[in-house]
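Colleague: Below: sequence and its predicted model.
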Amino acid sequence: MLLYVTPERFKTMGLGVDLDDVEDFELRATLSRASARVNTLCAAPNLPQPHDFRGGTVTDEQHPFRLGYGPFEGAQREVFLFHWPVRTVGTLRVDLTNTQYISFTDDQLYVRNKSVEIISLAMTVNGLFGSALVPIIGLREPRCLVDYVYGYEIVVSEEQIDATDGLMYRAQNQFWTAADVVLKVGGAVQSTGFTIDRVEGTVTFDAPQAANSVVTVSYVTKLPPEIAMATALLAAASFSEREDRSRGMSGLRRLTVGEITLERDVAPRGGAGQWQSGKDAPPEVLDYLEGFQYTWVGAG
């Protein structure tokens, strides 16, 4: 399930949402819809699989590939991938026919943030070495298939975390990677006496800590905090709409009672606040997502 904020984390974010009569399954469904809408607002790719801002592994992503026959047609060396940021590329294969192909491994490839370039000696100014032996009957346009891993790795150093109950302390970010976690109490590194929940971003001690203890934690998260905050704000807005619908006020933009007028702040249709989804979204959400929008530019 695509879920950039878990229900337990949402309950602690202080967004002013009354969740007393909201069941966990409804909260989870709302957060899932908000996560999907974040992807829509960012124009995130759905091929060969839906994008996940927490990162993922892509297998056999296909792209057209130009071999560069003859002295006047340059060979393609760089392939722009669908999911960013690219971390590692396992293999890159160029299919010439349904049975003939040329494979390149990671030591023959140079990985960039959004693309991968072939640096193998098999590449010449006229194309792939030996391409003259490719039969005339084959693929009209050779295909390039790429296996790779994408995603963020954001280092957080000595973040002060606060207790949510007598034993549990919660960080500001969820979805920690498998990298080492360094926990300190009063500046002293702790190695035992606690458990870590990497999905929730929490540390639970075996025994209560002193009320004045300063607890810090260093970790690596794979989800940008802006994505999490935008998701939470969209979910909060959804619950606000839920309340309006329950009062028969769905779609209401302005309410005047006596001398008091209440007006909802909505991004103008067709204005600068509109993204590729064509839907209204709270301006604060768009601000958080500004640096994560996918723009597609053809590259040969």
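Modeller: Perfect, I can see it now. As the structure is a computational prediction, the values presented were derived from the model and not from experiment.
Colleague: C-alpha from now on. contacts and neighbour counts both.
Modeller: Will do.
Colleague: ok, residue 143 to residue 29 distance?
Modeller: As judged by C-alpha to C-alpha, to the nearest Å, residue 143 and residue 29 stand 39 Å apart.
Colleague: For these two, indicate the residue with more neighbours.
Modeller: Per other C-alpha atoms under 10 Å, whichever of residue 143 and residue 29 has more neighbours is residue 143, with 20 against 15.
Colleague: For residue 111, give me the backbone phi and psi.
Modeller: phi -100, psi 130 (degrees, to the nearest 10).
Colleague: Wait, it touches residue 117, no?
Modeller: Yes - with contact defined as C-alpha atoms under 8 Å, residue 111 counts as touching residue 117 (6.5 Å).
Colleague: shared neighbours, these two?
Modeller: Common contact partners of residue 111 and residue 117 (C-alpha atoms under 8 Å, 6 or more residues apart in numbering): none.
Colleague: The closest residue to residue 220 other than its chain neighbours: how many residues sit nearby?
Modeller: Closest residue to residue 220 apart from its sequence neighbours, by C-alpha to C-alpha, 6 or more residues apart in numbering: residue 155 at 4.5 Å. Using other C-alpha under 10 Å, residue 155 has 14 other residues around it.
Colleague: need the contact list for residue 155.
Modeller: 218, 219, 220, 221.
Colleague: Next, it: secondary structure please.
Modeller: strand (DSSP: H, G, I helix; E, B strand; the rest coil).
Colleague: so how far is residue 173 from it?
Modeller: 11 Å.
Colleague: any residues in contact with both of those two?
Modeller: Joint contacts of residue 155 and residue 173 (C-alpha under 8 Å, 6+ apart) are residue 221.
Colleague: Tell me the buried residues in the helix or strand where residue 88 lies?
Modeller: In this assignment (DSSP states H and E), residue 88 forms part of strand 86-95. By neighbour count on 16 or more other C-alpha atoms under 10 Å, the buried set for strand 86-95 is 86, 87, 88, 89, 91, 92, 93, 94, 95.
Colleague: May I see these organised as JSON lines, with distance to residue 161 added?
Modeller: Below are those laid out as JSON lines (distance: C-alpha to C-alpha, whole Å):
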{"residue": "86", "distance to residue 161": "31"}
{"residue": "87", "distance to residue 161": "29"}
{"residue": "88", "distance to residue 161": "32"}
{"residue": "89", "distance to residue 161": "36"}
{"residue": "91", "distance to residue 161": "41"}
{"residue": "92", "distance to residue 161": "43"}
{"residue": "93", "distance to residue 161": "46"}
{"residue": "94", "distance to residue 161": "49"}
{"residue": "95", "distance to residue 161": "51"}
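Colleague: CSV please, covering those and showing pLDDT and distance to residue 168.
Modeller: Conversion of the buried residues of strand 86-95 to CSV gives the following (pLDDT from 0 to 100; distance: C-alpha to C-alpha, whole Å):
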residue, pLDDT, distance to residue 168
86, 97, 35
87, 97, 33
88, 97, 35
89, 97, 38
91, 93, 43
92, 95, 45
93, 93, 48
94, 90, 51
95, 91, 53
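Colleague: what's the closest of the residues you listed to residue 292?
Modeller: Checking the buried residues of strand 86-95 against residue 292 with C-alpha to C-alpha, the nearest one is residue 86 at 14.1 Å.
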